[in-house]
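> Pasting a predicted model and its sequence here:
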Amino acid sequence: MRLLVVEDEAKTAQFLAKGLGESGFVVDVAANGLDGRYLIEQQDYDLIILDVMLPGLNGWQLLKLIRQRGETPVLFLTARDSIEDRVRGLELGADDYLVKPFAFAELLARVKTLLRRGPVREIEVYNIADLEVDVPRRRVSRNGQRISLTNKEFALLHLLASRRGEVLARTLIASQVWNLNFDSDTNMVEVAVRRLRAKVDDPYMPKLIHTVRGVGYQLQAPDE
């Protein structure tokens, strides 16, 4: 498998390239955002490890480019350790977020976990009342009207639809959608559900996304 490391700290980049290479991966390295963009446009990668603070183009900008091109797994590796930065990265479409300094064994385990993941294909189109979620085409419509969602909004809706009728806890949603175990006072899931509701539920009847107070959220039609 081929990985791309976009890292401007030379020692860290060399350390990653050596360790990942010894673990059986083919590794390309870019020392700045512009070189990273060039390689991303020229080569298909199985996974990209991305710093946030980069010369040329920063990690946020590169992640947007990557998501415009597809669903390549992205692991942020950065010294920016605030909850706000983590949430921003995950909401923009990153699959994982690891803070420096880091243990190589943990990074390698996260890389392998991301590479093992595969999309759920048992059901390709979910229909709940007048809501349609077309997974392969990543299209969502309600009452025949197309709805534009971010990557994480789509992932959240897909999770709710794939387990329709079940009450999903906040911790489960955070783990499945963001691969993040977060502090109990973080309202990331509530914010994400509120944004999803504003697009998928608020303008329409009947309401499909329900809050079960003290437990979590469920997607269910009124007659189910």
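Received it, and whenever you're ready, just let me know what you need.
> Which strands or helices does the helix or strand of the chain with the lowest mean pLDDT pack on?
Sorted by mean pLDDT, DSSP states H and E, the helices and strands of the chain end with helix 83-92, the least confident at a mean of 80. Applying 3 or more C-beta pairs under 8 Å, 6 or more residues apart in numbering; DSSP states H and E, we find helix 83-92 packed against helix 59-69, strand 96-99, helix 151-162. Yep, even glycine has a C-beta here, placed from its N, CA and C like the rest.
> For the chain, just list every one of the strands.
2-6, 26-30, 47-50, 74-78, 96-99, 125-128, 131-134, 139-142, 145-147, 168-169, 209-212, 216-219 (DSSP state E).
> Which of the ones you listed has the highest mean neighbour count?
strand 47-50 (a mean of 25; mean count of other C-beta atoms under 10 Å).
> For that strand, report the contacting residues that lie outside it.
1, 3-7, 16, 36, 40, 59, 62-63, 66, 72-77, 94, 107, 111, 114-115 (C-beta atoms under 8 Å, 6 or more residues apart in numbering).
> cool, stretch 165-173 as well?
Contacts of stretch 165-173 (C-beta under 8 Å, 6+ apart): 156, 159-160, 181, 189-190, 192, 212, 215-220, 224.
> Stretch 61-77 too?
6-7, 16, 33, 36-37, 40, 44-52, 54, 57, 59, 89, 92-98, 100, 102, 107, 110-111, 114-115, 117, 151.
> sorry, back to before: nearest to Asp81, out of the helices and strands packed on helix 83-92?
strand 96-99 (4.4 Å; C-beta to C-beta).
> Let's test this: mean pLDDT of the closest one, rounded?
For strand 96-99, mean pLDDT rounds to 89.
> which helices and strands sit right next to it?
Right, strand 96-99 is packed against strand 74-78, helix 83-92, helix 104-116 by 3+ C-beta pairs under 8 Å, 6+ apart.
> so the second one versus strand 74-78, what angle?
Spelled out, it's helix 83-92. 160 degrees (axes from the mean of the first three to the mean of the last three C-alpha atoms, to 10 degrees).
> List the buried residues of helix 83-92.
Within helix 83-92, the residues scored as buried using 16 or more other C-beta atoms under 10 Å are Asp85, Arg86, Val87, Arg88, Gly89, Leu90, Glu91, Leu92.
> Tell me the one of the residues you listed nearest Ser175?
Leu90 (11.8 Å).
> Where does the prediction get shaky in this structure?
Residues of the chain that meet the criterion pLDDT under 70 lie in 118-123, 180-186, 224.
> Show me it divided up by domain.
Per the record, the chain has its domains at 2-116, 125-219, by automatic domain parsing.
> Give me the distance between the two termini of the last one.
This means domain 125-219. Between the opening and closing residues of domain 125-219 there is a gap of 15 Å (C-alpha to C-alpha, to the nearest Å).
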